[in-house]
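Chemist: would you be able to build a 3D model of this:
(2 chains)
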Amino acid sequence: MSALLEVRNLRTHFLTRAGVVKAVEGVSFSLDRGEIIGLVGESGSGKSVTGFSLIGLVDPPGRIVSGSIRFAGEELVGLPPARMRGLRGKHIAMIFQDPGATLNPVMTIGTQMALAVQAHGGASERAARELAARILTRVGIPGAAARLNAYPHEFSGGMRQRVAIATALLHGPELIIADEPTTALDVSIQAQILAEMKALTKQSGTALIWISHDLATVSSLADRVLVMYAGRIVESGPVAAVLRAPLHPYTRGLLDSLPAMAAPGQRLNQIPGSTPSLLTLPPGCPFAPRCPRSTEVCRTDPPRVAAPARHALCHHPLEAAA
Amino acid sequence: MTAILAAEHVTRRFSPRVTLGDRIAAAFGARVDRRPVQAVTDVSLAIRKGETLGLVGESGCGKSTLGRMLAGILPPSEGSVRLHGAPPMRGPHKITTRIQTVFQDPFASLNPRQRIGDAIAEGPIAHGLVTRARAPAMVAEWLSRVGLDPAYVSRFPHQFSGGQRQRVAIARALAMQPEVLVCDEPVASLDVSIQAQILNLFLDLRQDLGLTCLFISHDLSVVRHVSDRVAVMYLGRIVEMGEAAKVYATPRHPYTQGLLDSVPKLQLVGNASISFQPIRGELPSPLSPPPGCAFNPRCPKATDLCRRKRPALTPREDGTLVACHHA
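Modeler: The predicted structure follows:
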């Protein structure tokens, strides 16, 4: 069986007045049907731009400069906008961080969900609202039929995010891209949504790309993890294996930065420095200036990848524990 | 153990401001909601010399309001705050420099048009802690202490990254030579690797200066890492308070248990799994808190008693204070 999504050497750049920002620089990965991938990185690592590139929402001055995105056998790079609109929302859906910004504040939930249904095919208003109510019930909104007439401001943050998730699920897409969907929520609500997302994707066989800065969230949800740094995937593999014995020094550093990994009150094993500007990346490995293992070769040659299943983009990977 | 900073039965209400528009609308018979929001209700706590008290809770639980009252920048509606037995405020004004605050968003708390050197020197000069002539040396010393190049002294806040700005905010607070530092979500907007750097800086400075701290955060693992004792808030009240090690190892209150369960843990073995039991439902509105125990509509252990009578915060045999009928 071929993969649902096959990304090869994707490069998305932003041509700004200050120079070319290489937000995504040679990203490759594949995703099977029903699989959950966690895309992890810090701000500016290119994880969100990767997500936007997949769904064709990179606006100028940004553009995909090269690479290939094959979704269910179809090449998405260079696809005519009309065809992309036909895919977006129907076969590939996206959930954003701030549902307050993605929902229309002057339209009832029912109306905007019905519009989303009718955007792909001629369901009647009534059928569309019935579908909306059914999906809202599935994502845990009580009394969904009555709440169709409510406006977004009448919902709490967690409920609004559920509405956004329900909207993404309306057409039963094969792929959902979720960009930090629980970051703005309290932990108790985040836990509810994580449990529901996991159940929903398992029920419907939807593949999910979960973009997050939070390793712990990804570890409780995803099958595989991709760690991004400065526009590149620096490490990938099964989530438990990567987190138990990371190969890349950056992944190790991220894990060591978590307070949960140290005894209370002890200094954390921090990564020195800060993320590099994407305008002025060093010629070699972008992590070299912060890396405890870097040598001369790291400062001059960018590392390359050999094995795709479990890989680290590094000249000096850490030893993998058996 | 002597308490440096204490809150005694503090309550804080916020009344909605009635605008002219509201008054006109009311004159025409519209319903204007003038119910006050009770953000903090009857909280008593004491912070001992040299300890860090962590204050955790979800958004809207009143932790920041309580922090602002303890910092002496918000007067309580009822009850009192005492620093060494004396109130830190007279009327609406703070009258002590012994408490300083670090806020979540250093971009909002630093004046964008003020050079950071001036921002750090301003307070100590105004309060006579340093002479104008000695100020540049003091600023340079603080910048290097928080890990910034002293050459940055004439830069503006926008020239720094988020983590560096938070370092400036910490330097500015500590240049006032406070006894107590109130930190309100100081690392919430920072990336994981930068958060680790700021937490390390906080741990180092706290030890070097012997600071007493109130550390407010929604992040349970951060609070566990820095706190000696921890207080858990729910809907304006403290529901559990005790030594951090005990509260995290054996949480007593069902809300604390649920909260700790909700935190995603790093799963290092086997397949990804979700093992936690999410807390049902959502935070009730503080405009109309439920009768009895505020947590009862979401609590798996709630009984009739919980719906009728609010449990008091009472000490248990190991010293932990818990407000629950069934714990």
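
Chemist: what about B:Ala245, which helix or strand?
Modeler: Element membership of B:Ala245 [criterion: DSSP states H and E] is helix B:244-249.

Chemist: following that helix, which helix or strand shows up next?
Modeler: With DSSP H and E setting the assignment, the helix or strand that follows helix B:244-249 is helix B:254-262.

Chemist: tabulate the CA atom coordinates of that following helix in PDB.
Modeler: Extracted in PDB, the C-alpha atoms of helix B:254-262 (Å, rounded to 0.1, in the frame of the first residue of the first chain):
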ATOM      1  CA  PRO B 254     -10.000  15.400  43.500                       C
ATOM      2  CA  TYR B 255      -9.300  18.600  41.500                       C
ATOM      3  CA  THR B 256      -5.500  18.300  42.200                       C
ATOM      4  CA  GLN B 257      -5.700  14.600  41.300                       C
ATOM      5  CA  GLY B 258      -7.500  15.400  38.000                       C
ATOM      6  CA  LEU B 259      -5.200  18.300  37.200                       C
ATOM      7  CA  LEU B 260      -2.100  16.200  37.700                       C
ATOM      8  CA  ASP B 261      -3.700  13.400  35.700                       C
ATOM      9  CA  SER B 262      -4.400  15.800  32.800                       C
END
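
Chemist: how about residues contacting that helix?
Modeler: Contact with helix B:254-262 is made by A:187-188, A:190-191, B:56, B:58, B:220, B:232, B:234, B:239-240, B:247-248, B:251, B:276-279, B:295, B:298-301, B:324, B:326-327, as judged by CB atoms under 8 Å, 6 or more residues apart in numbering or on different chains. Glycine gets a C-beta too; all of them are placed from N, C-alpha and C.

Chemist: what about the stretch 101-250 of chain A, any weak spots by pLDDT?
Modeler: Residue ranges of the stretch 101-250 of chain A with pLDDT under 70: none are present.

Chemist: which residues of it fall in helices?
Modeler: Remark: helices assigned in the stretch 101-250 of chain A by DSSP state H, counting those that start in this stretch are A:109-118, A:125-138, A:144-147, A:157-169, A:187-204, A:215-221, A:239-244, A:249-256.

Chemist: tell me what the first one is packed against?
Modeler: In other words, helix A:109-118. helix A:125-138, helix A:157-169 (3 or more CB pairs under 8 Å, 6 or more residues apart in numbering or on different chains; DSSP states H and E).

Chemist: cutoff 10 Å now
Modeler: Judged by 3 or more CB pairs under 10 Å, 6 or more residues apart in numbering or on different chains; DSSP states H and E, the packing partners of helix A:109-118 are helix A:125-138, helix A:144-147, helix A:157-169.

Chemist: just to revisit the earlier point, now tabulate the helices of the stretch 101-250 of chain A in TSV and tack on mean neighbour count.
Modeler: As requested, the helices of the stretch 101-250 of chain A are exported to TSV (neighbours: other CB atoms under 10 Å in any protein chain shown):
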stretch	mean neighbour count
helix A:109-118	21
helix A:125-138	18
helix A:144-147	16
helix A:157-169	23
helix A:187-204	19
helix A:215-221	24
helix A:239-244	22
helix A:249-256	23
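
Chemist: excluding chain neighbours, give the residue nearest to B:His9 in space.
Modeler: B:Gly79 (3.8 Å; CB to CB, 6 or more residues apart in numbering or on different chains).

Chemist: contacts for the helix holding B:Ala245?
Modeler: Helix B:244-249 is contacted by residues A:264-265, B:52-54, B:56, B:220-221, B:223-232, B:240-243, B:252-253, B:256, B:260, B:316, B:318-322 when judged by CB atoms under 10 Å, 6 or more residues apart in numbering or on different chains.

Chemist: for PyMOL, write the selection for the buried entries among those.
Modeler: This is how PyMOL selects the buried members of these, with burial counted by 16 or more other CB atoms under 10 Å in any protein chain shown:
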select buried, (chain A and resi 264) or (chain B and resi 52+53+54+56+220+221+223+224+225+226+227+228+229+230+231+232+240+241+242+252+253+256+260+320+321+322)
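
Chemist: if we can go back for a sec, from the contacts of helix B:254-262, which ones fall inside strands?
Modeler: Secondary structure from DSSP state E places B:Val56, B:Val232, B:Tyr234, B:Val239, B:Glu240 of the contacts of helix B:254-262 in strands.

Chemist: need the contact list for the spatially most central residue of chain A.
Modeler: What sits nearest the mean C-alpha location of chain A, by CA atoms, centre = their mean, is A:Ile211, with 2.6 Å. By CB under 10 Å, 6+ apart, the contact set of A:Ile211 is A:37-41, A:47-48, A:50-52, A:94-95, A:97, A:177-181, A:183, A:218, A:226, A:228.

Chemist: give me the mean pLDDT for the strand or helix carrying A:Gly86.
Modeler: Assessed by DSSP H and E, A:Gly86 sits inside helix A:81-87. Per-residue pLDDT values across helix A:81-87 average out to 92.

Chemist: in that helix, which residues are buried?
Modeler: Of the residues in helix A:81-87, those buried by neighbour count under the rule 16+ other CB under 10 Å are A:Leu87.

Chemist: nearest to B:Gly29, out of the helices and strands packed on helix A:109-118?
Modeler: Closest approach to B:Gly29 among those (CB to CB): helix A:144-147, 27.1 Å.

Chemist: please see if the closest one touches chain B.
Modeler: No: residues of helix A:144-147 contacting chain B under CB under 10 Å from any CB of the partner chain: none, with a closest distance of 13.8 Å.

Chemist: the residue nearest to B:His9 contacts B:Arg12, correct?
Modeler: Yes: under the criterion of CB atoms under 10 Å, B:Gly79 makes contact with B:Arg12 at 8.8 Å.

Chemist: which of those two has more neighbours?
Modeler: B:Arg12 (23 against 17; other CB atoms under 10 Å in any protein chain shown).

Chemist: doesn't that one belong to a strand?
Modeler: Yes: checked against DSSP: H, G, I helix; E, B strand; the rest coil, B:Arg12 lies within a strand.

Chemist: isn't A:Leu243 up against B:Leu266?
Modeler: Yes: look at A:Leu243 against B:Leu266 with CB under 10 Å: they come within range, at 5.8 Å.

Chemist: pull up the overlap in contacts between the two.
Modeler: By CB under 10 Å, 6+ apart, A:Leu243 and B:Leu266 have these common neighbours: A:Leu215, A:Ala216, A:Val218, A:Ser219, A:Leu255.

Chemist: pretty sure the second one is touching B:Leu220, no?
Modeler: No: under the criterion of CB under 10 Å, A:Ala216 is not in contact with B:Leu220, lying 11.0 Å apart.

Chemist: what sits in contact with each of the two?
Modeler: Shared contacts of A:Ala216 and B:Leu220 (CB under 10 Å, 6+ apart): A:Ala260, B:Val263.

Chemist: strands of chain A, start to end?
Modeler: For chain A, applying DSSP E gives strands covering A:5-16, A:19-31, A:36-40, A:62-71, A:74-75, A:92-95, A:175-179, A:207-212, A:224-229, A:232-238, A:311-312.

Chemist: turn those into TSV, including distance to A:Ile141.
Modeler: Listed next are the strands of chain A as TSV, based on distance: least, CB to CB, whole Å:
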stretch	distance to A:Ile141
strand A:5-16	29
strand A:19-31	28
strand A:36-40	23
strand A:62-71	30
strand A:74-75	34
strand A:92-95	15
strand A:175-179	18
strand A:207-212	20
strand A:224-229	30
strand A:232-238	34
strand A:311-312	41
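
Chemist: between those strands, which one is nearest to B:Pro289?
Modeler: strand A:92-95 (32.1 Å).

Chemist: quick revisit: any chance of the helices of the stretch 101-250 of chain A in TSV, with distance to A:Pro60 too?
Modeler: TSV is the format used below for these (distance: least, CB to CB, whole Å):
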stretch	distance to A:Pro60
helix A:109-118	26
helix A:125-138	33
helix A:144-147	38
helix A:157-169	26
helix A:187-204	32
helix A:215-221	31
helix A:239-244	35
helix A:249-256	31
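
Chemist: the ones you listed: which one's closest to A:Val65?
Modeler: Here helix A:249-256 is closest among those (CB to CB), at 24.6 Å.

Chemist: can you report how many residues lie near B:Thr250?
Modeler: Residues contacting B:Thr250 under the criterion other CB under 10 Å number 12.
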